[in-house]
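Asker: Any chance you could fold what I've pasted below:
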Amino acid sequence: MSDTATQGIACPNCAGMVPIPEGQTLVICPFCNLRSLVKGERGLRRYQVARKITGTDAEKAMRGFLGGKMQVARNASRVAVVQETFLAYLPFWASWARVLGWAFGEEKVGSGKNTRYEPREIKIAQEMDWNGAALDVGEFGVEKISLVGRTLDPVDWDALHSEGMVFEPVGVAGDARALAAKDFDQRVKKLADLDRTSQIFTRITRERFGLVYYPLWVVRYVYRGRVFQAVVDAVDGQVLYGKAPGSTLFRAGALVAGMALGSLLAVDGGSLAAYIAFTSSDDDAMGMLLLGGVAVIGGFGLMGVGYRAFRYGEHYEYRRGDKVTSRRRREIREGGVRRALEETT
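Answerer: Residues are numbered from 1 along each chain as shown. Okay, here's the model as predicted:
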């Protein structure tokens, strides 16, 4: 981060010009030593993440992506011809904070006739982080990135521009902070994992907010006259987003399997459930009819999935994302509860 100030403000005490170094939130007047708090874009922290892999590594990752997906044409990895590879630094709003949450509600315990709801008060204390693209990602397709384990350095504009294309943010920091706060609220609700929720209170403390310029390799390639591209993380070499030609064999298999299994479930399963319902006692008939309805809906759903894979599978689009299971959320929540109890004792 450069120490050279490109902008200044008039000191409210002596009217002298006070320089504002990039990202600095507290400035001191060189004439009267009055301290002033900087708000707005000039006080926004800006970071960069260093590139670690080369363009050649990115092209290898792209070919691995093409060869590792059943939905992609089988010969795409071998036939694809790289058209261009370039490095782009995209800006991402980022927020790091300690989030304290209190959730009040009820949790379902027992089963069958012994089912009941017991009141619960869940306390959560978690270090959380959020990030989101600070511009319309468009063809890049990367809405968020992983900053876990990444080294954040002050921005060196000359170094960034000498390595690749540097994109500037669109929008305002206030909107991004609101999105981060909303995401933290939703995560607290998920971690609480209550069956019935009456109230949730969230408090964000020790927040650090800034703009991170993250390196991405963009690899454009040609396959049988059509242009596709893959976006590769320039730090760990993972493909974050990619477009590729679809596999005809996979599309046909998905259509046949979806129609066959769907019709079997909808027609045979529904008919069997209806037959059992009409030959059973009144107590069991309603349950079998409901089961038959579920079978019919599930069967048509499978047929729809198979048709969709066939209809839209000519082009395959991949976007990497992280999924958190309910079991993992419970483990995280319990860990947060333990930390909160430890801090209050």
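Asker: How is this structure divided into domains?
Answerer: 8-43, 47-245+321-344, 250-311 (automatic domain parsing).
Asker: Any chance of a markdown table for those domains, columns mean neighbour count?
Answerer: C-beta: built from backbone N, CA, C; applies to glycine. As requested, these are exported to a markdown table (neighbours: other CB atoms under 10 Å):
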| stretch | mean neighbour count |
| --- | --- |
| domain 8-43 | 14 |
| domain 47-245+321-344 | 16 |
| domain 250-311 | 15 |
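Asker: can you tell me which of the ones you listed the model trusts least?
Answerer: With a mean of 67, domain 8-43 has the lowest mean pLDDT of the domains of the chain.
Asker: quick one, what contacts the closest residue to Ala181 other than its chain neighbours?
Answerer: Leaving aside its sequence neighbours, Ala181 sits nearest to Ile204 (CB to CB, 6 or more residues apart in numbering; 6.2 Å). Going by CB atoms under 8 Å, 6 or more residues apart in numbering, Ile204 touches Ala97, Arg98, Val99, Leu100, Ala181, Phe184.
Asker: Show me what the second one is bridged to.
Answerer: What that stands for is Arg98. Beta bridges link Arg98 to Glu127, Thr205, judged by DSSP bridges.
Asker: wouldn't it be in contact with Arg206 here?
Answerer: Yes: taking contacts as CB atoms under 8 Å, Arg98 lies within contact range of Arg206: 4.8 Å.
Asker: Then Leu272 would be within a helix, right?
Answerer: Yes: per DSSP: H, G, I helix; E, B strand; the rest coil, Leu272 lies within a helix segment.
Asker: ok, it to Val296 distance?
Answerer: Note on Leu272: its distance to Val296, by CB to CB, to the nearest Å, is 11 Å.
Asker: where do the strands sit along the protein?
Answerer: Secondary structure of the chain (DSSP state E): strands located at 8-10, 17-19, 26-28, 35-37, 45-48, 81-109, 116-133, 153-154, 165-166, 196-223, 226-233, 239-245, 315-319.
Asker: Dump these to a markdown table, plus distance to Ser146.
Answerer: Output for those, formatted as a markdown table (distance: least, CB to CB, whole Å):
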| stretch | distance to Ser146 |
| --- | --- |
| strand 8-10 | 37 |
| strand 17-19 | 36 |
| strand 26-28 | 31 |
| strand 35-37 | 32 |
| strand 45-48 | 15 |
| strand 81-109 | 11 |
| strand 116-133 | 9 |
| strand 153-154 | 17 |
| strand 165-166 | 21 |
| strand 196-223 | 10 |
| strand 226-233 | 8 |
| strand 239-245 | 9 |
| strand 315-319 | 14 |
